[in-house]
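> structure for this input, please:
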Amino acid sequence: MRVSEKWERDRVVDWLRWQQPRFHEFQEYLDEHGSLELERLVLAGMRDAERAAKAKGITSAGRRPLRFWRGEA
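Here you go, the predicted structure:
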C-alpha cells in the first residue's frame, strides 16, 4: 500500500496495529485475491472502525480519528 502523505500512512497504522490477530487472515486474503483487494479490505475495515468510533464519541479530531483508539469498535 502506498500513500503520498505521512498522515495517511499513520491513519492506516492507527487501525492496523490493533489487527494483529487478523494478520494470518490478511495473508490468506492476499494469496487468494491479490494486493489491490487486500488494500481495499484494509481501507474498508479502517473506515468502518472510524465510523463506529465516531458514533460512540471515542475519536480524536483531525486527520487521524483513531489516533488514541484502543481497538474497540
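> under the pLDDT cut-off, which ranges of the protein? List them.
73 (pLDDT under 70).
> who's sitting farthest from the centroid in it?
Seen from the C-alpha centroid of the chain, the residue lying at the greatest distance (C-alpha atoms, centre = their mean) is Glu32, 20.1 Å away.
> okay, helices next: where are they in this structure?
Along the chain, counting by DSSP state H, helices occupy 6-16, 23-33, 35-56.
> of those helices, which stretch is the most buried?
helix 6-16 (a mean of 16; mean count of other C-beta atoms under 10 Å). All C-beta spots, glycine's among them, are computed from the backbone N, C-alpha and C.
> coming back round to it: out of the helices of the chain, which is closest to Arg67?
Closest to Arg67 of the helices of the chain is helix 6-16 (C-beta to C-beta; 5.5 Å).
> the closest one to helix 35-56, inter-axis angle?
Relative orientation of helix 6-16 versus helix 35-56 (axes from the mean of the first three to the mean of the last three C-alpha atoms, to 10 degrees): 80 degrees.
> restricting to C-alpha, output helix 6-16 in PDB.
The C-alpha trace of helix 6-16 is given here as PDB (Å, rounded to 0.1, in the frame of the first residue of the first chain):
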ATOM      1  CA  LYS A   6       2.800  10.700   6.300                       C
ATOM      2  CA  TRP A   7      -0.600  11.300   8.000                       C
ATOM      3  CA  GLU A   8      -2.300   9.000   5.500                       C
ATOM      4  CA  ARG A   9       0.100   6.200   6.500                       C
ATOM      5  CA  ASP A  10      -0.300   6.900  10.200                       C
ATOM      6  CA  ARG A  11      -4.100   6.900   9.800                       C
ATOM      7  CA  VAL A  12      -4.000   3.300   8.400                       C
ATOM      8  CA  VAL A  13      -1.400   2.200  11.000                       C
ATOM      9  CA  ASP A  14      -3.700   3.600  13.800                       C
ATOM     10  CA  TRP A  15      -6.200   0.900  12.800                       C
ATOM     11  CA  LEU A  16      -3.800  -1.800  11.600                       C
END
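> fine by me, we can end here.
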